[in-house]
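In: sequence first, predicted coordinates after that:
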Amino acid sequence: MPHIYTLFFFVFSLSLTSCAKANHEQKNTKAQSEDIQYADFIHQQITHNLHVFKSPDYNTNAGVFIGAETILLIDPMTGRNNHENLLSAIRQLSDKPISYVINTHSHGDHSGANSFFKEQGASIISQDNAKYSSAVTDITFNDTYSINMGNETIELYHIAAHTLDDALIYFKNSNAIFMGDTYMTDTTPHFYYGGGSKGHQNILNKALTLGDENTIIVPAHGKQSSNKPELQDYLQNSIQWIERIKKLYNVGMSASEISTDAQIEQLARAFNLRFGVSSQSIEKTISIDLMEEADISEAVLKQYEGTYEYEGGNTAEILIVGGDIVFRSEGGYIYKLRPISEDRFQLKGQLTDRYVSLQKSGSKLVFFNGRQTLTAQKR
């Protein structure tokens, strides 16, 4: 009988120890959650090692992946004066060094923290065309790129859609995709900076081929996580959006008139648009997809190719890439051009008053960027 009592007290003591340990672990988890909230970030854990942070005052979703030895970040821009706070929140997850930052694209609300994290020792990975923006970058790739983090393989795919430097980011083991601005759950599609509606559909279709039915989709803005059915709905609504704008434009309606069309407004609600439909976004959609181009001979276009130098020393290039006329300046901008006459070209996807004019001799370039007129001489 004494042995029974001894066994009972041993089991009871072990049970108390286990409960105490469990309560301690729960307290630690709760404390970590409170710490993250104290750092003023909305946090969602996607998998054991993959997290999404958002500042209540800044709508960009930033990704944090804890690798076997180092940390990788995605679009860690949570507000211009918030980088130290984000770093503190990351340190509550892990004290491993930050080795990489990946930008889904070069726009400032995604790449604005690059310099800060570069100072922490990170290398910045971007698609090659990001060189033609103000974003800081170190490693660039053209079509695909792969990163081995020890406990995860990350695959990057480039399809020009929202911009000319979009990168789709797929975490194979975590079964998650970061979409950048090619997918947002709080606004209408923004494909007029880069690949137009065709590129927009191509990158969404690419994302739908990755992973499986349980793949987690991380939008750039809006919700912190989504799924394949919602992404499929977004694609179908995008197609209807594009087709409706095209139909109304082809019957002579202006961008302003299209923005107040009942079906357009209904689709905007399906996209969870927080504000009214902007006639400027309609105009940009028309600009990149629907406006006619002048028929210019290859011989004329070829004479425009080359490098042009502005007063002050900055340079720009005109080149033909895959049949497109590209206008770009390293560290500044990259646009596809639409010929509207033999010597005048509109910036695709921009407001219609933005243009480049070129002397037929190919000796001079004039660029109106919406604010100022810049003149450059061919080298």
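Out: Done, it's in. Being a predicted model, the structure only gives us computed values, none of them experimental.
In: any stretches of the stretch 251-379 of the chain with poor pLDDT?
Out: For the stretch 251-379 of the chain, no stretch has pLDDT under 70.
In: the strands in it, which residues?
Out: If DSSP state E, counting those that start in this stretch is used as the criterion, the strands of the stretch 251-379 of the chain fall at 306-310, 315-321, 324-329, 333-339, 344-347, 355-358, 364-368, 373-378.
In: mean neighbour count and distance to D143 for these - can I get that in CSV?
Out: C-beta here means a position set from N, CA and C on the backbone, and glycine is covered the same way. Formatted as CSV, these follow (neighbours: other Cβ atoms under 10 Å; distance: least, Cβ to Cβ, whole Å):
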stretch, mean neighbour count, distance to D143
strand 306-310, 17, 25
strand 315-321, 16, 14
strand 324-329, 19, 17
strand 333-339, 20, 17
strand 344-347, 22, 25
strand 355-358, 21, 27
strand 364-368, 18, 29
strand 373-378, 15, 31
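In: these: which one's closest to G196?
Out: Each of the strands of the stretch 251-379 of the chain was checked against G196 via Cβ to Cβ, and the shortest separation belongs to strand 333-339, namely 8.8 Å.
In: for S341, grab phi and psi.
Out: Main-chain dihedrals, S341, degrees, to the nearest 10: phi -160, psi -180.
In: do L86 as well
Out: As for L86, its main-chain torsions (degrees, to the nearest 10) stand at phi -60, psi -40.
In: one step back: kindly reformat the strands of the stretch 251-379 of the chain as JSON lines containing distance to T260.
Out: Formatted as JSON lines, the strands of the stretch 251-379 of the chain follow (distance: least, Cβ to Cβ, whole Å):
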{"stretch": "strand 306-310", "distance to T260": "41"}
{"stretch": "strand 315-321", "distance to T260": "37"}
{"stretch": "strand 324-329", "distance to T260": "33"}
{"stretch": "strand 333-339", "distance to T260": "26"}
{"stretch": "strand 344-347", "distance to T260": "25"}
{"stretch": "strand 355-358", "distance to T260": "28"}
{"stretch": "strand 364-368", "distance to T260": "29"}
{"stretch": "strand 373-378", "distance to T260": "33"}
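In: quick one: closest of the ones you listed to N114.
Out: Put simply, out of the strands of the stretch 251-379 of the chain the one that sits nearest N114 is strand 333-339, at 17.5 Å, with distance taken as Cβ to Cβ.
In: okay, the angle between that closest one and strand 315-321?
Out: Relative orientation of strand 333-339 and strand 315-321, computed by axes from the mean of the first three to the mean of the last three Cα atoms, to 10 degrees: 50 degrees.
In: can you list the strands that strand 333-339 pairs with?
Out: Neighbouring strands of strand 333-339 in its sheet, by DSSP bridges, are strand 324-329 (antiparallel), strand 344-347 (antiparallel).
In: and it, C-alpha only, in CSV?
Out: Output for strand 333-339, consisting of C-alpha atoms alone and laid out as CSV, is shown next (Å, rounded to 0.1, in the frame of the first residue of the first chain):
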residue,chain,number,x,y,z
TYR,A,333,12.5,55.5,-64.4
ILE,A,334,11.5,52.9,-67.1
TYR,A,335,8.5,53.2,-69.4
LYS,A,336,7.2,51.6,-72.5
LEU,A,337,6.4,54.1,-75.2
ARG,A,338,3.4,54.3,-77.6
PRO,A,339,4.0,56.0,-80.9
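In: any residues touching the strand ranked longest in the chain, and which ones?
Out: The strand of greatest length in the chain, counted in residues with DSSP state E as the criterion, is given as strand 58-66. With Cβ atoms under 8 Å, 6 or more residues apart in numbering as the contact definition, strand 58-66 has outside contacts at 49-54, 71-79, 82, 86, 90, 93-94, 96, 109-110, 149, 152, 154, 169, 171, 174, 178, 186, 218-222, 224.
In: give me the buried subset of those.
Out: A residue is treated as buried here by neighbour count (16 or more other Cβ atoms under 10 Å); on that basis the buried members of these are 49-54, 71-79, 82, 86, 90, 93-94, 109-110, 149, 152, 154, 169, 171, 174, 178, 218-222, 224.
In: brilliant, that's me finished.
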